[in-house]
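Engineer: Can you look at this prediction? I've put the sequence above it.
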Amino acid sequence: MHGLLDSTATETESTHTLQDDASTECLGKHLFDATAIDGETPNDLAKIGSDKWTRYPNCIGAFIAEMDFGLAPCIQEAMIGAVQRCSLGYIPDPLKRQVAEACAHWQQRRFGWNVDPDCIRPVPDVMEAYEIFLREFVGAGNAIIVPTPAYMPFLSVPLLYGVKVIEIPMLQRKGGWEFDFTAIEDAFRQGCKAFVLCNPHNPIGKVLTREEMLALSARAERFDVRVFSDEIHASFVFDDAVHTPFASINETTARQAITATSVSKAFNVPGTKCAQVILTNPDDYALWMRKAEWSEHQTATIGAVATIAAYEHGGEWFDEMFPYVLRNRDYVDEQMRTRFATVGYVRPQGTYIAWLDFLPLGLHDPAAFFLDKAKVALTDGEACGRIGQGCVRMNFAMPYPLLQECFDRMYRALFSAGIV
């Protein structure tokens, strides 16, 4: 693979102008405007046209994992520039290379991972990478472990490929969430050869420690198990938590992992359709180029432009936006310690998602209850696994006043129903 780097150097240098255009500087206009975000109303957000604010009219959208914090100016400028140049054709190889280099730089700067750009390939989104993993690396008739509660498609999509899903509920201890390593090892021993690692974990907000990942890796090595590592929320870690890319730990984890990531969560550009798969096992790279390269053709050129701008020039915007997310997380935490103290809850260490358990209040379908009684749209916990009955997934990356209104509406609904 290092030979590939050498063979593409001349091509990359010859397209330097394209790279400069695609990753336009923010030119001092990248500051995050919290005051403007505070002023956004549900009607304002609905006019933008996202599914999050239009699927359930007149409701607060807290179900889809998108932020409502606008767009980093450097991304907006880069995309406008691409449109002005009419750069909307199929994604070319030089632009794929620039995405890989920008992703590698971000991994190094943010997480200390010196990953070779040669092993980074573009895909439309993380779920496309997951589907390829299921089709080419797991295979019909085999099984994959999905720790639950889980991101909903991790449970539903395998069935489309004839792959059995083994749900293994996370264990809730006093200090937070933990893997059930006994159940995991038992499934490995019975022949399961694949595992979904979501870190930071959507929807419970757990950030895995290095020790936990090494414990998983040791068991995976013993039973020849592959790991799909979804690290799309990697930039969102709180307090003392640290994101460590699974494949970065050692040669063993690098060989076990297929890593998927994207700027879509950190910069709110999921509709631009450009993610990255990091293939740190040379055999995986060879298989990818034989059987999965076609998926790269579906990656959006405009998404590649947005991705390069985000990775190369969006860091300062993200750093100024992040305290807003942290304040929202702290407000959720305060509410769950006061008005909602009887609701099951573990303070999230990462993501911008909270997992709320209303079973202690006798609510078996809280998503339907709050949609009807409070006009708040949340994700039904049962879509995240059997463990999710009575629970909801809440996205708290919304304007702070709307987050306050969200909890006010939920509390009033519970109070009116005589539940609190």
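Structural biologist: Looks like it came in fine. What you are looking at is a predicted structure, and each value in this text was computed from that prediction instead of being measured.

Engineer: what's the distance between the helix or strand hosting Ala254 and the middle of its chain?
Structural biologist: Per DSSP states H and E, Ala254 falls inside helix 251-256. Distance of helix 251-256 from its chain centroid, counting by Cα atoms, centre = their mean, to the nearest Å, is 22 Å.

Engineer: What are the buried residues along that helix?
Structural biologist: For helix 251-256, burial by neighbour count (16 or more other Cβ atoms under 10 Å) applies to Thr253, Ala254, Arg255, Gln256. Any C-beta I mention is one placed from the backbone N, CA and C, and that applies to glycine too.

Engineer: Stretch 186-199 now?
Structural biologist: Neighbour-count burial for stretch 186-199, counted by 16+ other Cβ under 10 Å, picks out Ala187, Phe188, Cys192, Lys193, Ala194, Phe195, Val196, Leu197, Cys198, Asn199.

Engineer: roughly how far out does that stretch sit from the chain middle?
Structural biologist: Centroid displacement of stretch 186-199 relative to its chain, using Cα atoms, centre = their mean, is 21 Å.

Engineer: hang on, the earlier thing: need the buried residues of stretch 186-199 in JSON lines (columns: secondary structure).
Structural biologist: Rendered in JSON lines, the data for the buried residues of stretch 186-199 read as follows (DSSP: H, G, I helix; E, B strand; the rest coil):
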{"residue": "Ala187", "secondary structure": "helix"}
{"residue": "Phe188", "secondary structure": "helix"}
{"residue": "Cys192", "secondary structure": "coil"}
{"residue": "Lys193", "secondary structure": "coil"}
{"residue": "Ala194", "secondary structure": "strand"}
{"residue": "Phe195", "secondary structure": "strand"}
{"residue": "Val196", "secondary structure": "strand"}
{"residue": "Leu197", "secondary structure": "strand"}
{"residue": "Cys198", "secondary structure": "strand"}
{"residue": "Asn199", "secondary structure": "coil"}
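
Engineer: residues in contact with Tyr345?
Structural biologist: Contact analysis of Tyr345 by Cβ atoms under 8 Å, 6 or more residues apart in numbering lists Met336, Ala354, Trp355, Leu356, Asp357.

Engineer: redo that, cut-off 7 Å
Structural biologist: Residues near Tyr345 by Cβ atoms under 7 Å, 6 or more residues apart in numbering: Met336, Leu356, Asp357.

Engineer: hmm, back to that, and the buried residues of helix 251-256 as JSON lines, adding distance to Leu71 and pLDDT?
Structural biologist: Listed next are the buried residues of helix 251-256 as JSON lines, based on distance: Cβ to Cβ, whole Å; pLDDT from 0 to 100:
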{"residue": "Thr253", "distance to Leu71": "34", "pLDDT": "98"}
{"residue": "Ala254", "distance to Leu71": "34", "pLDDT": "98"}
{"residue": "Arg255", "distance to Leu71": "38", "pLDDT": "98"}
{"residue": "Gln256", "distance to Leu71": "36", "pLDDT": "98"}
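
Engineer: Give me the number of neighbouring residues for Val163.
Structural biologist: Val163: 19 surrounding residues under other Cβ atoms under 10 Å.

Engineer: Likewise for Cys86?
Structural biologist: There are 7 residues near Cys86, going by other Cβ under 10 Å.

Engineer: thinking again about what came up before, if any of the contacts of Tyr345 are buried, give me the PyMOL selection for them.
Structural biologist: A single PyMOL command suffices to select whichever of the contacts of Tyr345 are buried according to 16+ other Cβ under 10 Å:
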select buried, resi 336+356+357
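
Engineer: Can you pick out the ones from the contacts of Tyr345 that are in strands?
Structural biologist: Leu356, Asp357 (DSSP state E).

Engineer: Same list (the contacts of Tyr345) but as CSV, adding pLDDT and distance to Glu178.
Structural biologist: Shown next, in CSV, are the contacts of Tyr345 (pLDDT from 0 to 100; distance: Cβ to Cβ, whole Å):
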residue, pLDDT, distance to Glu178
Met336, 98, 20
Leu356, 98, 19
Asp357, 98, 16
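
Engineer: hmm, back to that, out of the buried residues of helix 251-256, which is nearest to Leu403?
Structural biologist: Nearest to Leu403 among these, counting by Cβ to Cβ, is Thr253 at 36.7 Å.

Engineer: Would you agree that closest one is in contact with Thr244?
Structural biologist: No: with contact defined as Cβ atoms under 7 Å, Thr253 does not count as touching Thr244 (9.7 Å).

Engineer: Overlap in contacts, the two.
Structural biologist: Met213.

Engineer: show me what contacts Ala254?
Structural biologist: Counting by Cβ under 7 Å, 6+ apart, Ala254 makes contact with Ala247, Thr280, Asn281.
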